[in-house]
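>>> What follows is a predicted protein model with its sequence.
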Amino acid sequence: MEKTRILSNYKMNSNDSCNNQTSYAKQFQVQVEFYMNENTFKERLKLFFIKNQRSSLRIRLFNFSLKLLSCLLYIIRVLLDDPTQGHGWSPIIWVNRSLPLWGLQVMYNRIFLGNIWEQVLRIPFLLEIINAVPFIITIFWPALRNLFIPVFLNCWLAKHALENMINDLHRAIQRTQSAMFNQVLILISTLLCLIFTCICGIQHLERAGNKLTLFDSLYFCIVTFSTVGFGDVTPKIWPSKLLVVIMICVALVVLPIQFEQLAYLWMERQKSGGNYSRHRAQTEKHVVLCVSSLKIDLLMDFLNEFYAHPRLQDYYVVILCPTEMDAQVRRVLQIPMWSQRVIYLQGSVLKDQDLLRAKMDDAEACFILSSRCEVDRTAADHQTILRAWAVKDFAPKCPLYVQILKPENKFHIKFADHVVCEEEFKYAMLALNCICPATSTLITLLVHTSRGQEGQQSPEQWQKMYGRCSGNEVYHINLEDSTFFAEYEGKSFTYASFHAHKKFGVCLIGVRREDNKNILLNPGPRYIMTATDICFYINITKEENSAFKKQEQHRKNNESKSYYHGPSRLPLHSVIASMGTVAIDLQDTGCRSSSGPTLTLPSEGSKNGRRSSIAPVLEVADSSSLQACDLLSDQSEDETTPSDDDISTGLEYAKGYPPYSPYIGSSPTFCHLLHEKVPFCCLRLDKGCQHNYYEDAKAYGFKNKLIIVAAETAGNGLYNFIVPLRAYYRPKKELNPIVLLLDNPPDMHFLDAICWFPVVYYMVGSIDNLDDLLRCGVTFAANMVVVDKESTMSAEEDYMADAKTIVNVQTLFRLFSSLSIITELTHPANMRFMQFRAKDCYSLALSKLEKKEREKGSNLAFMFRLPFAAGRVFSISMLDTLLYQSFVKDYMISITRLLLGLDTTPGSGFLCSMKITEDDLWIRTYARLYQKLCSSTGDIPIGIYRTESQKLTTSESQISISVEEWEDTKEQINNRNNHRNSTSSDQSDHPLLRRKSMQWARRLSRKVPKHSSKTAEKISQQRMSLYKRSERQELAELVKNRMKHLGLSTAGYDEMNDHQNTLSYILINPSPDTRLELNDVV
């Protein structure tokens, strides 16, 4: 109680002290009023008449009107005057001015009497004195009322008032004035004032001469200033002649200065691009392209893809770029095709004035592209982020299409409508290229708009098929509005996909519910189609642009020729469609053995028949088929009860989401994971630790071949290379070890992310060093992925950015000819240098074909290059069209991410592949394969990856035989056979092989008898092949010596096996009657 009382007293005392301080402070407070100087009468008048924009504008408009009125009164006085009265010089000094006219002129000049003193130190002061003071004098001296006063000089005061009025007009309406408009106005007003002054001066002075009228004076001035000079009207007295000389001199000085300023402003405006008018923005549709620097390749890719769609032909493209337009871009934009539709504005996205010039708030869309050629790609992303923020702040309703480089910066622009992260897509495509061949080519062709007319004039059959199939794209349509899919309402997805392909040649790959934003790729037989579903399909063109003809009679005629028998009879429809090498597997369905995807062989009884039967695709899957295709139960059993083989080989992996992601915004993917994370020391491939003593890839004894990734740094995007290769739907026994060959050591946070994945290692080294390549296991690797280095992406000459990568890959190609190398380049044009062979006839023929396709206007002229067709080279700039195409197809980014495994949706499928073996050739055609996959596993094939032998190559054994027959005709046949066998053996077993090869080369170079042109060409090919063979053996010896020096076994190195005599290509959505071939990958 005592303590509480003391506290209460303390509070009361403190309150009393505060009140005393407050009352004390109030006694000494002084109230201060600010801006009192503006409350005076004088300042209020200034504020109203001068500082206030609208009031000042009204006053200047009134002043301008009075100046014009004074000039008009002068003209009236001239018309009412009689110049014949008076003699000598008196008509020049005295004029006839009526009393009312004199009164109006005096009243006008008295109004501006107070204005004189304000303009004492200004240029118009003299003119005001000349015009105002004489009239004031005539008030007090009436005899001077008829004295001539040059009132026409008020036109110069009117010009000055007009300029001030325009400035106040822009201030009043809160708009930025145009310097070009002001300069044109000044030029026109100056020219008019000169002419008007000359007209009035000549007319008045000639009162004492030729008695010219105003019209005669006007005629004389126009003829004189236009340098025509007819000579029919000329001044007579010397004052008028002097005036003409003065006016001409003034015009020669003033007008060139005005024209020079106007030309300078015009050139500056041409550089900056001017403005996109508000009227055009409200009556026309336009999109804005924002870039930091505009290159000709980027511009043409955007324009060709954007205007490839028919409904975008009336759109305008406004380019907003901070740099000046270069010469190449300027030449292209002067072409009539683009000059009428493309507007270039030089300005910054961060300035509201420039966004207003581009009318961003009225734009249909804004594309913001990053500069991938910057040395600091993170800084380039930061600039892109600021641009996106600026556009969103200025025009919140404008749809944003943003390209970002690094995945860790993606979450800053989550508000954008569509985002493409370059490194995410790049690494995911490179990863899938290792297990699904030519995935990068497949995606590139799907996101490019084409009619499939490329290569149709080529004599090569594969080029015709490949070019025709490249025209396939992804389209969408509502089920109830579709002719393709309307009849399959209430049927299963696999049934609809198979029969739509059988009947129309279209490939149904996905679907989306009306009330769901998620797209499902191949949801399987469990999914039942409804009328409101949106169907996504692959075809040459969309259904709305297709015509359908009844072919009942055609079917009757071809029924007997059908390839199919049994319960599912399929007519042959050679529908134009492309052939792909990849199938969309079910995420939750699909019968697969532990050894990978295979097809079930027919029973023995069916083999004796004429055709092997395939089970029909059911309209609605029954419980038995669903149970047979259900993988979830198999996976759970596989997880809970691992086999003895798995335990013995240490394949006890868990399945789950990675516990750590290296960046914010990565989509969670169900993966194969380790039960415990691997220590960082064990991730280093080439250095032993306390847990293991292995120092090279061979010592680990991997059962599957390696996948090596050569990169400069372990960026966060590299995480997206590992995830698709460790996804849970990949069989555990088929997981390839991944080795990261890095120029720089990885960061700790990156190691934290990859230490949970099985058989993932890294090594510090470079592809420039042969020892590093051998240590990381390049001799028994399945794929070598070479990622473009960030430090070499920028060069003084743009296309030289890929020089180091191309030369390094060429070295790998020569040293390890059997190695499958997948390369990323900065510029697609440099793909022609991949696996370069200068004197190869087939490569030269492809080069000519590419030039022809480019001349025809093809956007995919590079598609026939063998490395690109085979999926062994890729450029991320080819994916720029994905962002452009999203303006018309807003689903393309989502579908691409699902195909690449960047996103996973419950119930959606994934991308996988299977190889056609001899046991699978009984299926015969692509349509029967489609039926087999749909009826058995629920898979949807979308294409074929086909490998063929080149027709222009000749085997080395044949070459050696031909050489002996031509050069050594007297030798016996047994000697020829022995010689042929020696060429096919190992060089280490025959040390004289190199000497013999050189002897053959010298023999071929001797002067020989005349042969036909075919024989000469054959001999040239033989000589080159022998030279290559001997050179290859030298390189093989070099590699083997380095392997022995490093203590590595040379048993796995096969130097003679290569793929130089084969070509591979991808065919998307082939026609149903396409024949399957051995080693096709589906």
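Everything's here; your move. Residues are numbered from 1 along each chain as shown.
>>> When you work out contacts or count neighbours from here on, use the C-alpha atoms and nothing else.
Will do.
>>> Give me the pLDDT value at the residue nearest in space to the middle of the chain.
Residue closest to the average C-alpha location in the chain (Cα atoms, centre = their mean): Asp880, at 3.0 Å. As predicted, Asp880 sits at a pLDDT of 87.
>>> Would you confirm that it belongs to a helix?
Yes: according to DSSP: H, G, I helix; E, B strand; the rest coil, Asp880 belongs to a helix.
>>> Who are the contact partners of it?
Going by Cα atoms under 8 Å, 6 or more residues apart in numbering, Asp880 touches Asp301, Phe302.
>>> Recalculate using a threshold of 10 Å.
Asp880 sits next to Leu298, Asp301, Phe302, Glu305, Leu369, Gln403, Val420, Glu422, Thr444, Val447, His448 when contact means Cα atoms under 10 Å, 6 or more residues apart in numbering.
>>> The last one and Phe887, how far apart?
Distance from His448 to Phe887, counting by Cα to Cα, to the nearest Å: 13 Å.
>>> who's more crowded, the two?
Neighbour count, other Cα atoms under 10 Å: between His448 and Phe887, His448 has more, with 25 against 20.
>>> State the number of residues packed around the nearest residue to the more buried one once chain neighbours are set aside.
Distances taken as Cα to Cα, 6 or more residues apart in numbering put Thr881 closest to His448, at 6.4 Å, once the chain neighbours are dropped. When neighbours are counted by other Cα under 10 Å, Thr881 registers 21.
>>> Verify the contact between Thr881 and Phe302 for me.
Yes: the criterion here is Cα atoms under 10 Å, and Thr881 meets it with Phe302 at 7.0 Å.
>>> Using just helix, strand and coil, how would you label Ile246?
helix.
>>> Return the subset of the contacts of Asp880 lying in strands.
Secondary structure from DSSP state E places Gln403, Val420 of those in strands.
>>> Now, of the contacts of Asp880, which are buried?
Leu298, Asp301, Phe302, Glu305, Leu369, Gln403, Val420, Glu422, Thr444, Val447, His448 (16 or more other Cα atoms under 10 Å).
>>> Wait, the fifth one touches Lys295, no?
So the one you mean is Leu369. No: applying Cα under 10 Å, one finds Leu369 not in contact with Lys295, separated by 11.7 Å.
>>> pretty sure Ser949 contacts Tyr842?
No: at 11.9 Å, Ser949 does not count as touching Tyr842 under the criterion of Cα under 10 Å.
>>> that older thread, the residue nearest to His448 and His279, how far apart?
Thr881 sits 30 Å away from His279, going by Cα to Cα.
>>> coming back round to it: separation between the residue nearest to His448 and Gly452?
Distance from Thr881 to Gly452, by Cα to Cα: 17 Å.
>>> Next, the nearest residue to His418 once chain neighbours are set aside: secondary structure please.
Sequence neighbours aside, Tyr401 is the residue nearest to His418 in space, at 4.9 Å (criterion: Cα to Cα, 6+ apart). Classification of Tyr401 by three-state DSSP places it in strand.
>>> So for Tyr401, what's the pLDDT?
95.
>>> For it, list the residues it contacts.
Residues in contact with Tyr401 (Cα under 10 Å, 6+ apart) are 289, 365-369, 388, 416-420, 883-884, 886-887.
>>> Out of those residues, which comes closest to Val709?
Using Cα to Cα, Val420 is the member of the contacts of Tyr401 that lies nearest Val709, at 22.8 Å.
>>> Please report the distance of the closest residue to that closest one other than its chain neighbours from Val375.
Spatially, and ignoring its direct neighbours in sequence, Val420 is nearest to Gln403 (5.0 Å; Cα to Cα, 6+ apart). When distance is defined by Cα to Cα, Gln403 is 17 Å away from Val375.
>>> now Ile136
Going from Ile136 to Val375 by Cα to Cα gives 76 Å.
>>> show me what contacts the residue nearest to His448?
By Cα under 10 Å, 6+ apart, the residues touching Thr881 are Leu298, Asp301, Phe302, Leu303, Asn304, Glu305, Phe306, Thr444, Leu446, Val447, His448, Thr449.
>>> and if we set it to 8 Å?
Asp301, Phe302, Glu305, Val447, His448.
>>> How confident was the prediction at the first one?
pLDDT, Asp301: 87.
>>> dump the residue contacts of it.
Asn859, Asp880, Thr881 are the contacts of Asp301 under Cα under 8 Å, 6+ apart.
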